[in-house]
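Trainee: My questions concern the predicted model and sequence given below.
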Amino acid sequence: MPARTLMAYATRNGSTQEVAAWIAGVMREAGVTVELMRMKEATEFGGYSTAILGAPLYLGRMLKEFHEFVELHREPLSRMKVWCFVLGPVENKPEQFAEAERQAREQLAHHEWLVPEDVRIFGGLWDVKRMEFPFKLMRWLPASKVPAMDARDWEAIGQWAEEIAVQIVAQNQHVVT
Ligand SMILES: Cc1cc2nc3c(=O)[nH]c(=O)nc-3n(C[C@H](O)[C@H](O)[C@H](O)COP(=O)(O)O)c2cc1C
């Protein structure tokens with residue numbers, strides 16, 4: 001039986017969920033059995049050899065949903081190979097990516113037992129139409145003042161997913177033979 005991979009994400013406005021679904025799709029195409037779930041809806045789990053964990057940054061922090069999930073499921077996660085992706089910069093500027101990387105590393109350091117194979121920063125989405133109160137009030141400003149910005153690079157995301165899939169498939173073959 002092929003080893004199963006957990007793809008768990010935290011989100012506030014949905015863009016991380018879309019990235020998680022994209023990664024899961026690419027990995028399934030590559031032959032990996034992936035189960036996609038939202039962190040706050042996850043119940044007890046077991047039987048996964050690998051996990052991909054994704055969360056966005058808000059005001060320098062990864063969502064509480066992420067922190068609660070990793071601590072609640074510390075025991076099974078500490079036995080898995082884990083990859084992390086973090087959404088943040090809404091503009092394709094190196095300084096924004098560097099700052100997001102710093103924020104993500106600082107946040108992950110709260111869980112010193114969690115040692116990911118890789119932590120990748122991806123651009124995020126800024127779209128006031130999809131935001132919660134009070135940010136959604138900005139949608140009533142002239143559109144030019146709050147244009148939507150989508151820095152998600154689907155090709156780069158897909159490439160990262162393929163790289164992980166290759167490793168998981170190779171690892172499974174190694175286990176079977
Ligand atoms: C109020 C607010 C604060 C944010 N703070 C940060 C931040 O500190 N660092 C960062 O890199 N991105 C920040 N972002 C960008 C988000 O991480 C980005 O919009 C992401 O795509 C949101 O993910 P979600 O749609 O899954 O909730 C912020 C976005 C908003 C709306």
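Mentor: Received it, and whenever you're ready, just let me know what you need. Residues are numbered from 1 along each chain as shown.
Trainee: Could you identify the longest strand within this protein?
Mentor: Taking DSSP state E as the criterion, the chain has its longest strand at strand 48-58.
Trainee: looking just at contacts, which helices and strands does the helix or strand hosting Thr5 meet?
Mentor: Secondary structure from DSSP states H and E places Thr5 in strand 4-9. Applying 3 or more Cβ pairs under 8 Å, 6 or more residues apart in numbering; DSSP states H and E, we find strand 4-9 packed against helix 15-29, strand 33-38, strand 48-58. (Glycine included, C-beta is placed from N, CA and C.)
Trainee: Taking strand 33-38 as reference, get the angle to the longest one.
Mentor: For the pair helix 15-29 and strand 33-38, the angle between their directions (axes from the mean of the first three to the mean of the last three Cα atoms, to 10 degrees) equals 170 degrees.
Trainee: Can you list the residue ranges for strands in the chain?
Mentor: In the chain, strands defined by DSSP E lie at 4-9, 33-38, 48-58, 61-62, 81-87, 118-122, 125-126, 149-150, listed in chain order.
Trainee: Out of those strands, which gets nearest to the ligand?
Mentor: Closest to the ligand of the strands of the chain is strand 48-58 (Cβ to the nearest ligand atom; 3.2 Å).
Trainee: How about that closest one and the ligand, any contact?
Mentor: Yes. Applying Cβ under 6 Å from any ligand atom, one finds strand 48-58 touching the ligand at 56-58.
Trainee: Output the below-cut-off pLDDT ranges for this structure.
Mentor: 1-2, 133-146, 174-177 (pLDDT under 70).
Trainee: Am I right that Phe45 is in contact with Pro76?
Mentor: Yes. Taking Cβ atoms under 8 Å as the definition, Phe45 is a contact partner of Pro76 at 6.3 Å.
Trainee: Just the buried residues of the residues of strand 48-58 next to the ligand.
Mentor: Neighbour counting over the residues of strand 48-58 next to the ligand (16 or more other Cβ atoms under 10 Å) leaves 56-57 as the buried ones.
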